[in-house]
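In: Sequence first, predicted model second:
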Amino acid sequence: MNARNGFSRRQVLAVSSAAAASTLFTTRASASPRAFLGNAGGNDVFVQIFLRGGMDGLTTVVPYGEVDLYNARPTLAVPPPGQTNAAVDLDGFFGLAPSAAPLMTPYQNGHLAFVHAAGSPDPTRSHFDAFAHMEFGGPNLPPGTVQDGWLSRYLDQVAGPDTGVLRGIGAGDLLPLTLAGAPKTLPIADFANFAFPGNPATVVARVQKLTSMYAATPAPVGPAALNTFDAIDLMATIDFAGYAPSNGAQYPNTQLGSRLREIAALIKADIGVETINVDFHSWDLHAQLGPLDGNMAIMLDELSRSLEAFYLDMGSGIDGVSLVCLSEFGRRVEENSSLGLDHGHGAVMILMGGHIQGGQVFADWPGLAPAQLDQGDLAVTIDYRDILGEILTRRLGATDLTTIFPQHSFTTYGVTV
């Protein structure tokens, strides 16, 4: 069902005999628009990019001031500034991998920061356990204590009368655990072709029939179905295929680049979406890491050019966006015999937005000497919930973090302004 092809759900309602059903539908056209530049209570649009597989923070943001890094990684460590293929200096101790250099654009403008030795206090090195603990937001709680995602609990908390029909999007075939149970949230794998399925010749009749059926179906199924029809109609108002980025932004012709281009178009369309989750896979590089010219460098290049393009494209609109990149854990400090890195613990977070206290690396640095490691890994000294909690309260309108991250005592690091 695509309004650009001459049909929309509103037209179905106009010809439907189910008068009761039509009263249950409300569209953004009839509601107060939500400006993404600090409207609706001043809340930012939140974008999470989950770097699945365990991204190596010691390659991305290199602690070149640590001699122990080079002892543990004689082949894989990125050289310090001043050498061939060297790290780009950030602050005299940390440097940026050469393939991540595009991140210097928002970093030098004060809109991008790194948080090092960050992550979950949960000791697991299992991807699947780490995903669950981190995305449910309860790494210290027994399994099953919480069964909805931390971001869904945030959306529940800030729900108001002016929330839209589509509040959250998981950019994929399935919702991530972060958005499990979230209200008015859908998985959308293809923004440009999010349409009612099946034969176009019978769409009107089928939607009319389903509208009548679900109008009489009690909550939660009935309202959710009707809301989904509205969301399909709403997304069809955005010309994703014809979207032209602003300010000379050039997105890479990659899956992540295309996704962030669509997200920029979505945010600028101002249809009420409050949060978008994107998964960026394949960081699990046990062999042939390639920090300078291999797999890791290629992935960092895609991530960094995509983020730089999004930043440039948003222009002043970046003031209404908080973007976070995080991974379930980092990689082991010592390289292995396959010129790769095994599962580790402490990682790096990337924060970007108009109100991020950028141009710096936040770290309570634990050191990389053997005695300072956590079972051979970079120790976690900054809990990821502290960083997210600060963004939630200062930029997204959350008022009670205890319901979002239960049984956690928060520390503020000043990552927002």
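Out: Yes, it's here.

In: Give me the distance between stretch 349-364 and the centre of its chain.
Out: 15 Å (Cα atoms, centre = their mean, to the nearest Å).

In: what does stretch 115-129 give?
Out: 17 Å.

In: Helix or strand with the lowest mean pLDDT in this protein?
Out: helix 19-22 (a mean of 29; mean pLDDT, DSSP states H and E).

In: quick one: the closest residue to residue 138 other than its chain neighbours from residue 403, how far?
Out: Of all residues not flanking residue 138 in the chain, residue 146 sits nearest, at 4.7 Å (Cβ to Cβ, 6 or more residues apart in numbering). For glycine as for every other residue, the C-beta is placed from the backbone atoms N, C-alpha and C. Taking Cβ to Cβ, to the nearest Å as the measure, residue 146 falls 10 Å from residue 403.

In: Tell me which of those two has more neighbours.
Out: residue 146 (19 against 13; other Cβ atoms under 10 Å).

In: Mind listing what's buried along the longest helix along the chain?
Out: Ranked by number of residues, the top helix in the chain under DSSP state H is helix 295-314. By 16 or more other Cβ atoms under 10 Å, the buried positions in helix 295-314 come out as 295-297, 299-314.

In: cool, and stretch 55-66?
Out: So stretch 55-66, judged by 16+ other Cβ under 10 Å, has buried residues 55-64, 66.

In: What of stretch 100-113?
Out: 100-107, 111-113.

In: Quick one: the helices in the stretch 51-200 of the chain, in order.
Out: 57-60, 67-72, 104-108, 127-136, 150-157 (DSSP state H, counting those that start in this stretch).

In: out of those, deepest packed?
Out: Ranked by mean neighbour count under mean count of other Cβ atoms under 10 Å, those are led by helix 57-60, which reaches a mean of 28.

In: just checking, what packs against that helix?
Out: helix 295-314, strand 347-353 (3 or more Cβ pairs under 8 Å, 6 or more residues apart in numbering; DSSP states H and E).

In: let's go with 7 Å and repeat that
Out: Packing partners of helix 57-60 (3 or more Cβ pairs under 7 Å, 6 or more residues apart in numbering; DSSP states H and E): strand 347-353.

In: Within its sheet, name the partner strands of the strand it packs on and how each one runs.
Out: strand 112-119 (antiparallel), strand 321-326 (antiparallel) (DSSP bridges).

In: List the contacts of the shortest one.
Out: By that I understand strand 321-326. For strand 321-326, the surrounding residues in contact (Cβ atoms under 7 Å, 6 or more residues apart in numbering) are 44-51, 267, 314, 349-354, 384, 388, 391, 395-396.

In: Skip the chain neighbours and tell me the closest residue to residue 164.
Out: Residue 164's closest residue in space is residue 272 (Cβ to Cβ, 6+ apart), at 2.5 Å.

In: swap in residue 94?
Out: Nearest to residue 94 is residue 361, by Cβ to Cβ, 6+ apart, at 4.7 Å.

In: In contact with that neighbour, which residues are there?
Out: Residue 361 neighbours (Cβ under 7 Å, 6+ apart): 61, 90-91, 94, 114, 116.

In: Show me which of those are buried.
Out: 61, 90, 94, 114, 116.

In: farthest-separated two in these?
Out: 90 and 116 (10.2 Å; Cβ to Cβ).

In: hang on, the earlier thing: sec struct for the residue nearest to residue 164, please.
Out: At residue 272 the chain is in coil, as set by DSSP: H, G, I helix; E, B strand; the rest coil.

In: burial of it, as a residue count?
Out: With other Cβ under 10 Å as criterion, residue 272 counts 22.

In: With residue 283 instead?
Out: Residue 283: 22 neighbours (other Cβ under 10 Å).

In: Would you quantify the distance from the nearest residue to it once chain neighbours are set aside to residue 295?
Out: Closest residue to residue 283 apart from its sequence neighbours, by Cβ to Cβ, 6+ apart: residue 53 at 3.6 Å. In this view, residue 53 and residue 295 are 11 Å apart by Cβ to Cβ.

In: Kindly report the same for residue 230.
Out: Counting by Cβ to Cβ - residue 230 and residue 295 are separated by 42 Å.

In: number of nearby residues for the residue lying closest to residue 198 once chain neighbours are set aside?
Out: Closest residue to residue 198 apart from its sequence neighbours, by Cβ to Cβ, 6+ apart: residue 206 at 6.5 Å. Taking other Cβ under 10 Å as the criterion, the count of residues near residue 206 is 15.

In: Packing partners of the one helix or strand residue 206 maps to?
Out: Element membership of residue 206, judged by DSSP states H and E, is helix 203-215. If you count contacts as 3+ Cβ pairs under 7 Å, 6+ apart, helix 203-215 packs onto helix 9-15, helix 19-22, helix 221-235.

In: Where among the ones you listed is average confidence lowest?
Out: Looking at those, the lowest mean pLDDT belongs to helix 19-22 (a mean of 29).

In: that older thread, tell me the most buried of the strands paired with strand 347-353?
Out: strand 112-119 (a mean of 26).

In: okay, the angle between it and helix 127-136?
Out: 120 degrees (axes from the mean of the first three to the mean of the last three Cα atoms, to 10 degrees).

In: what residues does strand 112-119 touch?
Out: 57, 61, 94, 103, 106, 329-330, 345-352, 356-358, 360-366, 378-382, 384, 387, 415.

In: Which among those residues count as buried?
Out: By 16+ other Cβ under 10 Å, these give 57, 61, 94, 103, 106, 329-330, 345-352, 356-358, 360-363, 365-366, 378-382, 384, 387, 415 as buried.

In: sorry, back to before: okay, and which of the contacts of strand 112-119 map to strands?
Out: Of the positions in these, 61, 347-352, 360-362, 382 sit in strands, assigned by DSSP state E.

In: Dig out what the most centrally placed residue in the chain forms beta bridges with.
Out: Central residue of the chain (Cα atoms, centre = their mean): residue 48, 1.2 Å from the mean position. With DSSP bridges as the criterion, residue 48 is bridged to residue 277, residue 324.

In: What confidence value was assigned to it?
Out: For residue 48, the predicted pLDDT is 98.

In: contacting residues around it?
Out: By Cβ under 7 Å, 6+ apart, the neighbours of residue 48 are 178, 277, 324.
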